[in-house]
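Asker: model this:
(one chain, ligands or ions: 2)
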Amino acid sequence: MKEEKLLRKILEDNHLRITKTRLFIFNLLQNNEPQSIAELVDRSTTKVDRVSVYRILDLYEKLGIIKRINIGWKYKLELSDIFLDHHHHISCIGCGHMVAIKEEEELEDLIDNLGKAAEFVLTSHQLELQGYCAKCQKRQKKQSAQPLRAI
Ligand SMILES: [Zn+2]
Ligand SMILES: [Zn+2]
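Answerer: Ligands and ions are numbered 1, 2, ... in the order given. This next block holds a predicted model:
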């Protein structure tokens, strides 16, 4: 598996061994939706203790293996652009559901140009969109005539 090889290489380059626990957490991260720490801890309970999950996530973040996706003052984690193609997300403020938006060249060019205009060489950026998913829009409509509340 290509991803696992890459993980091994990053760990080796940093004089770290690939352990069963580290690999287990890495596999949990290979999810198609970003996850919160609580979700990752939940999914590990039978195999890895909470402290180890935190420690490994911390290590992975320092090594650039994972990155934070900020949603308001909270965040979720997902594999970094080394493992996944660069992309952005839309998250639902009703149910927390998150979907990836595929990379748009025009958008990326526009962002690069914004950087250039400010005389910056950009090394990274985040663009996270928020709103209500289709399910939540339906639920809201059913519930009453109450308008959707923007936060
Ligand atoms: Zn929703
Ligand atoms: Zn982008």
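
Asker: Helices along the protein, start to end?
Answerer: 2-13, 20-29, 37-44, 50-62, 105-117, 134-143 (DSSP state H).

Asker: Give me the contacts around the first one.
Answerer: I take that to be helix 2-13. With CB atoms under 8 Å, 6 or more residues apart in numbering as the test, helix 2-13 has contacts from Arg17, Ile18, Arg22, Leu23, Phe26, Gln30, Leu63, Gly64, Ile65, Leu79, Ile82, Phe83. Every residue, glycine included, has its C-beta placed from N, CA and C.

Asker: hmm, try it at 10 Å
Answerer: 1, 16-19, 22-23, 26-27, 29-30, 59-60, 63-65, 79, 82-84 (CB atoms under 10 Å, 6 or more residues apart in numbering).

Asker: Filter the residues you listed down to the buried ones.
Answerer: Arg22, Phe26, Leu29, Leu59, Tyr60, Leu63, Ile65, Leu79, Phe83 (16 or more other CB atoms under 10 Å).

Asker: can I get those residues in JSON lines with pLDDT and distance to Gly115?
Answerer: Output for the buried ones among the contacts of helix 2-13, formatted as JSON lines (pLDDT from 0 to 100; distance: CB to CB, whole Å):
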{"residue": "Arg22", "pLDDT": "96", "distance to Gly115": "35"}
{"residue": "Phe26", "pLDDT": "97", "distance to Gly115": "31"}
{"residue": "Leu29", "pLDDT": "95", "distance to Gly115": "29"}
{"residue": "Leu59", "pLDDT": "98", "distance to Gly115": "30"}
{"residue": "Tyr60", "pLDDT": "98", "distance to Gly115": "27"}
{"residue": "Leu63", "pLDDT": "97", "distance to Gly115": "25"}
{"residue": "Ile65", "pLDDT": "96", "distance to Gly115": "25"}
{"residue": "Leu79", "pLDDT": "95", "distance to Gly115": "24"}
{"residue": "Phe83", "pLDDT": "92", "distance to Gly115": "24"}
